[in-house]
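A.B. asks: this one's sequence-less:
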């Protein structure tokens, strides 16, 4: 008996799985089409701003967040400051757990899966409203953070 795994077999399996979250390391990434690369950098900027804002909101240092989420300190720094950096899906999953945020939405924001246009719009709006001060979050930053987290929770 020969096992035939064809494109059609995979398509049937995808339909059966529905919208379940599945990850298998770097191969699990669903990158954006090439023409969307610039907007994805902007979305990853929002991802970095979200992680930094959530960390500041909880009063955590980068080192404490790295320790709690079991992620390298250098990766946290790059997530927060480098819009071109795309973290591994495992790291994004651990950050989602650390901040009690939906993993699927964070995977989109991080660039590991394609972010729909509505997600891109909300992400860019959040990034534009988030500040860069290392101090406590301002009232406006808190409001922007709360609105964006509420949007992510609905995804």
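C.D. replies: On my side now, so go ahead. Computed from a predicted structure; not experimentally measured.
A.B. asks: Centre-most residue in the chain?
C.D. replies: Centroid-nearest residue in the chain, with C-alpha atoms, centre = their mean: residue 106, separated by 2.7 Å.
A.B. asks: Distance of that one relative to residue 116?
C.D. replies: Separation of residue 106 from residue 116 (C-beta to C-beta, to the nearest Å): 14 Å. All C-beta atoms are positioned from the backbone trio N, CA, C, and that covers glycine.
A.B. asks: before we move on, what about residue 6?
C.D. replies: Taking C-beta to C-beta, one finds residue 6 at 29 Å from residue 116.
A.B. asks: more crowded one of the two?
C.D. replies: Between residue 6 and residue 116, counted using other C-beta atoms under 10 Å, the more crowded position is residue 116 (11 against 8).
A.B. asks: And the pLDDT at the more buried one?
C.D. replies: For residue 116, the pLDDT comes out at 84.
A.B. asks: how about the nearest residue to it, chain neighbours excluded?
C.D. replies: By the measure of C-beta to C-beta, 6 or more residues apart in numbering, the closest residue to residue 116 outside its immediate chain neighbours is residue 108, 7.4 Å from it.
A.B. asks: for this protein, which helix is longest?
C.D. replies: Using DSSP state H, we find that the single longest helix of the chain is helix 37-57.
A.B. asks: Cheers, nothing more for now.
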